[in-house]
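S.K.: I need the structure of the sequence given here:
(one chain, ligands or ions: 1)
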Amino acid sequence: MTNYLKRAGKVLSRINELASISDSETYLTRVFGTAAFVEATQKMALWMRQAGLDTRIDSIGNVHGKLRSDKPGAKTLVIASHIDTVVNAGKFDGPLGVFVGLDVLEHLFKNKMLLPFHIELIAFSDEEGVRFHSTYLGSKVVTGDFDSTLLNFKDKDGKTLHDVIKNIGGDPYLLYKDAIPADEWLAYYEIHIEQGPVLYERNIPVGLVSGIAGQKRVELTFEGHAGHAGTVPMDLRRDALTAGAAFILFIEDYALRNKEKIVATIGKLEIENGASNVIPGKLVCSLDIRSVDNQLLDAACTEFKEKLQLIAKDRNIATNWNLIQESSPVVCNVGLNETLKQVIIQCGYEVVELVSGAGHDAVPVSKVSPVSMLFVRCDKGISHHPLEHTEAEDIAAAIHVSENFIGQLIKKHENHYGNISIDKVSS
Ligand SMILES: [Zn+2]
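M.R.: Sure thing, here's the model as predicted:
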């Protein structure tokens, strides 16, 4: 374990070095396509090259480092995470996975390991989607799922994605060339901080991800009638906010009744022309629902819509349900997860299976490849915040497990266990 701790120290110092490259002088923010972003990709490319990887930066700014197999027709195992951040971010979300992957590949290269498949490490350029309000730009290019209408998206200064790609030295018309063809993917493995408190509460360094929750984002509108807070009697009011409050408590109650499988959040609430002496006339709020069970997700929405109509009728107001965004749940590959589970046990850790409530690059990748993920404990579950922290011991555990996992995959392929029993699980 001492050796892994030493390696974790190197990973940590790289995480710190990358975190010093920021759009802001006072806190860490590194969004897609900025000068800091370009500097970070170049730094990452340098580290990959020094580790012995065949390295390149693609048109959307993903950094690729590859260890090649001599085997004819070899497929590719992709190990990846992202290096863009949210605003005022923590330094572990994303880079931890890339650097743990880099450390493992560095050792494979040093040990002159013969590979039955190619291994490609990718530092994705945009997962958080802060600049263009569109997630997974980097991994969508690599999976061949990039929608070219995105190129017209503008950032807050009016710059299009098309122009930003040109600015960082990419060719917006050649993005398709950076896709790994669907039949060349062997598997995908992502290491990421948990971004939740389960591992921390249970005092376990790493966890096995069973799946990634599907998500629906809805904009809700409640429209009643504004009025004077002093003159309109209570029974004659059409208060949009109290209608919304009744709905919000219903949502909470529903999610609590199904708490093993679903989470629901109203995180944004706007009262039009809100004032202390005015009865709220119009309320607009967000609704975020997540579950790994697609049927439950749909059933919840049906029930929520019915409740919305009931409230509208009872309170004589108008309501509107506007679906903004949705994604299907992703189930991590059963074969890969079985191998990962055995490796976690062999490394001496308790196995905890977790569902990821947050989206990850594994979501778009799951369309072309079997996927697997390892979560690493983060302090108190804090993430997307400067206090985000992971202990060196936990990084050591992630390296220990990841190295053995890749080792097992290599062994299984060499021993000709067919396709490492990777059964492609669709969502
Ligand atoms: Zn992340």
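S.K.: Show the backbone phi and psi for the spatially closest residue to Lys307 that is not a sequence neighbour.
M.R.: Excluding the flanking residues, the one nearest Lys307 by CB to CB, 6 or more residues apart in numbering is Phe250, at 5.2 Å. Any C-beta I mention is one placed from the backbone N, CA and C, and that applies to glycine too. Dihedral pair for Phe250: phi -60, psi -40, per degrees, to the nearest 10.
S.K.: Hmm, Glu306 and Phe250 touching each other?
M.R.: No: at 10.3 Å, Phe250 does not count as touching Glu306 under the criterion of CB atoms under 8 Å.
S.K.: More neighbours: which of the two?
M.R.: Phe250 (17 against 10; other CB atoms under 10 Å).
S.K.: For the ion, what's the nearest residue on the stretch 201-350 of the chain?
M.R.: Nearest to the ion, among the residues of the stretch 201-350 of the chain, is Ile212, at 11.7 Å (CB to the ion).
S.K.: Quick check: the gap between the residue nearest to Lys307 and Asp314.
M.R.: Per CB to CB, to the nearest Å, Phe250 is found 12 Å from Asp314.
S.K.: Mind pulling up the pLDDT for the residue nearest to Lys307?
M.R.: pLDDT for Phe250: 98.
S.K.: still on that earlier bit, show me what contacts the residue of the stretch 201-350 of the chain closest to the ion?
M.R.: By CB atoms under 8 Å, 6 or more residues apart in numbering, the contact list for Ile212 reads 292, 329-330, 332, 355-356, 358-360, 362-363, 366, 373.
S.K.: change it to 7 Å
M.R.: If you count contacts by CB atoms under 7 Å, 6 or more residues apart in numbering, Ile212 has them with Pro329, Val330, Ser356, Gly359, His360, Ala362, Val363.
S.K.: Farthest-apart pair in the residues you listed, please.
M.R.: Pro329 and His360 (12.5 Å; CB to CB).
S.K.: Looking at those two, which one has more neighbours?
M.R.: Shown here are Pro329 and His360; by other CB under 10 Å, His360 has more neighbours (28 against 21).
S.K.: wait, doesn't the more buried one sit right on Ile191?
M.R.: No: under the criterion of CB atoms under 7 Å, His360 makes no contact with Ile191, lying 10.5 Å away.
S.K.: Make sure Lys367 is actually in contact with Val142.
M.R.: No: in this structure Lys367 lies outside contact range of Val142 using CB under 7 Å: 11.2 Å.
S.K.: So which of the two has more stuff around it?
M.R.: Shown here are Lys367 and Val142; by other CB under 10 Å, Val142 has more neighbours (29 against 17).
S.K.: dump the residue contacts of the more buried one.
M.R.: So Val142 contacts Asn62, Ile122, Asp178, Ala179, Ile180 (CB under 7 Å, 6+ apart).
S.K.: Would you mind reformatting those (as CSV) and adding columns for distance to the ion and neighbour count while you're at it?
M.R.: CSV is the format used below for the contacts of Val142 (distance: CB to the ion, whole Å; neighbours: other CB atoms under 10 Å):
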residue, distance to the ion, neighbour count
Asn62, 15, 25
Ile122, 14, 28
Asp178, 21, 20
Ala179, 22, 17
Ile180, 21, 21
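S.K.: would you turn these into JSON lines with secondary structure and pLDDT?
M.R.: As requested, those are exported to JSON lines (DSSP: H, G, I helix; E, B strand; the rest coil; pLDDT from 0 to 100):
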{"residue": "Asn62", "secondary structure": "coil", "pLDDT": "98"}
{"residue": "Ile122", "secondary structure": "strand", "pLDDT": "98"}
{"residue": "Asp178", "secondary structure": "helix", "pLDDT": "97"}
{"residue": "Ala179", "secondary structure": "coil", "pLDDT": "97"}
{"residue": "Ile180", "secondary structure": "coil", "pLDDT": "97"}
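S.K.: Name the pair among these with the greatest separation in space.
M.R.: Using CB to CB, these reach their maximum pairwise distance at Ile122 and Ala179, which is 12.0 Å.
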